[in-house]
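A.B. asks: attaching a predicted model along with its sequence, questions to come.
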Amino acid sequence: MTPLDQDFLRDSFPALGRSQVFLDNAGGSQIARQVVERMSEFLYGSNVQLGATYAASALAGERVAEGRAALALMLNAASPAEVVLGSTSTELFDRLARALVQTWSPGDEIIVTEFDHEANISPWLRLAALGIEVRTWRLRPGEFEPRLEDLEALLSPRTRLLAVTHVSNIFGGINPVREMADLVHAAGARICVDGVAYAPHRAVDVQALDADFYGFSVYKTFGAHFAALYGKMEALLEAGGVNHAFIPNDAVPQKMEPGNAPHEVAYSCAGVVAYLEDLAQAHGVNASGRAAVEAAFALIAEHEEAISARLLSWLASRPDATLYGNPSPDRARRVPTVSFTLEGRRSRDVVEATDQTGLGIRFGDFYSRRLIAALGLPEGDGVIRVSAAHYNTLDEIDALIRHIDSL
């Protein structure tokens, strides 16, 4: 394994190395210094409205465009125009549902799952009030990975969309999105992927996945509180609009962006790519752009596999521990989001006892409430979740293990 340079990481993430250890990264990562620098640069040098003819406004427009282009590069979109900006993935999926339903008819069908975050379920369920039929893809009892044959059985000539997650924020397992997309496209439908739990850990390639729509949260991927939604150009053009009535339907992505995204935050997204380029170069990879993004995430995946292995091995050694998800640390199969319960202990009690140590973990359903209910876990208690990022260390995992063993 190529060890990650801890000095570089602590320089890039000023919040690290203090009394708080961040092991709740699936809820929101730490922000890279390169991101904050760009946000400050915008606010102090071009904090004006876009679209005017004077120089500061032109500069502001260029910077927002740079942020959008950076997100397109992270997603490997064919064009920055395929990237819709927003505050959260929840908001963006809701916008998408309102846009797509304008082109559907009563009796058309959509497929949601019981193993997604609610952000990619509720917007679609609300369409039932407009006559859209909703089908649910469920896990088989005792299993943590969805079966493609169960998806195939749900597809019909009236299916318009599958809404599914790339990685469960409970299980941490990587779902076979490309295989799902192939099945859905063969049925004449589209696929909307929630990539929030995947994007902080692996390089997203929407073209390789053949995703029609793909959303992720920048604030969980080393950036500021922001989100992005990719849409294939043809799919965005087919959709209705949710912006002002005078915005034409071919004005992509503007027809999907009511109001203004925070300009300084949009520009700061370029800092995420800058951080990934710096990470690659700090570890001997002389690359920039998409090549650097892929190289950085290869380093991240290798490091995170070691973290997952340490935590999963410890859980396997405890007869009182129940792991929810794949027990393998294989980087091709999971990310370091690990959920478990301890027999005879409330998840809340374990986490609150851990709070006193400065080790930040979490308990609950994490807005995957339908999944927690399907697992038969207590409402309001749920699982203990340890969600690491690449800036976490094996020493931090060992400290957590020692603490929970001491309980």
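C.D. replies: Sure thing, it's come through.
A.B. asks: got any ranges where the chain has weak pLDDT?
C.D. replies: Residue ranges of the chain with pLDDT under 70: 1.
A.B. asks: can you map out the helices along it?
C.D. replies: 6-12, 33-45, 55-75, 89-100, 122-125, 148-154, 177-186, 206-209, 233-238, 263-282, 289-317, 347-355, 369-374, 394-406 (DSSP state H).
A.B. asks: from S406, how far out is the closest residue in space to A321 that isn't next to it in sequence?
C.D. replies: Leaving aside its chain neighbours, A321 sits nearest to L315 (4.7 Å; criterion: C-beta to C-beta, 6 or more residues apart in numbering). Glycine gets a C-beta too; all of them are placed from N, C-alpha and C. The gap separating L315 from S406 is 16 Å, by C-beta to C-beta, to the nearest Å.
A.B. asks: neighbour-wise, which of the two wins?
C.D. replies: Ranked by neighbour count (other C-beta atoms under 10 Å), L315 and S406 place L315 first, with 17 against 8.
A.B. asks: right, and L183 touches E149 too?
C.D. replies: No. Using C-beta atoms under 8 Å, L183 makes no contact with E149, being 9.5 Å away.
A.B. asks: between these two, who's got more neighbours?
C.D. replies: Legend: neighbour count by other C-beta under 10 Å for L183 and E149, higher for L183 (19 against 8).
A.B. asks: and the gap between the more buried one and A208?
C.D. replies: Going from L183 to A208 by C-beta to C-beta gives 16 Å.
A.B. asks: for R346, same thing?
C.D. replies: 42 Å.
A.B. asks: and those two? Which one has more around it.
C.D. replies: Taking neighbours as other C-beta under 10 Å, R346 and A208 compare with R346 leading, 16 against 11.
A.B. asks: so what's that one up against?
C.D. replies: P378, D381 (C-beta atoms under 8 Å, 6 or more residues apart in numbering).
A.B. asks: what does T113 give?
C.D. replies: By C-beta under 8 Å, 6+ apart, the residues touching T113 are I121, T136, W137, R138, P146, A163, V164, T165.
A.B. asks: ok, A298 next?
C.D. replies: Going by C-beta under 8 Å, 6+ apart, the list of residues near A298 reads A203.
A.B. asks: now it: how far from T2?
C.D. replies: A298 is 9 Å from T2, by C-beta to C-beta.
A.B. asks: okay, how far is it across stretch 215-230, tip to tip?
C.D. replies: One end of stretch 215-230 sits 6 Å from the other (C-alpha to C-alpha, to the nearest Å).
A.B. asks: and what of stretch 370-384?
C.D. replies: 17 Å.
A.B. asks: which of the residues in it are buried?
C.D. replies: R370, L371, I372, L375, L377, D381, G382, V383, I384 (16 or more other C-beta atoms under 10 Å).
A.B. asks: next one: that stretch to chain centre, how far?
C.D. replies: On the basis of C-alpha atoms, centre = their mean, to the nearest Å, stretch 370-384 sits 21 Å off its chain's mean C-alpha point.
A.B. asks: swap in stretch 262-272?
C.D. replies: 17 Å.
A.B. asks: and stretch 38-54, by the same measure?
C.D. replies: On C-alpha atoms, centre = their mean, the centre of stretch 38-54 falls 28 Å from that of its chain.
A.B. asks: ok, stretch 268-288 next?
C.D. replies: Worked out by C-alpha atoms, centre = their mean, stretch 268-288 lies 20 Å from the chain centre.
A.B. asks: please point out which parts of it sit buried.
C.D. replies: In stretch 268-288, counting by 16+ other C-beta under 10 Å, buried: 268-283, 285.
A.B. asks: also stretch 28-37?
C.D. replies: Residues S29, Q30, I31, A32, R33, Q34, V35 are the ones in stretch 28-37 that count as buried (16+ other C-beta under 10 Å).
A.B. asks: gap between the closest residue to the last one other than its chain neighbours and D355?
C.D. replies: Yep, that's V35 we're talking about. Of all residues not flanking V35 in the chain, G271 sits nearest, at 3.5 Å (C-beta to C-beta, 6+ apart). Counting by C-beta to C-beta, the separation of G271 from D355 is 31 Å.
A.B. asks: same question for I397.
C.D. replies: Taken as C-beta to C-beta, the span from I397 to D355 is 17 Å.
A.B. asks: these two: which has the busier surroundings?
C.D. replies: Between I397 and D355, counting by other C-beta under 10 Å, I397 is the more crowded of the two (24 against 11).
A.B. asks: surely L394 and S308 touch.
C.D. replies: No. The criterion here is C-beta under 8 Å, and L394 misses it with S308 at 10.9 Å.
A.B. asks: these two - which one has more neighbours?
C.D. replies: For L394 and S308, the more surrounded residue by other C-beta under 10 Å is S308, and the numbers stand at 26 against 15.
A.B. asks: alright, I will stop here.
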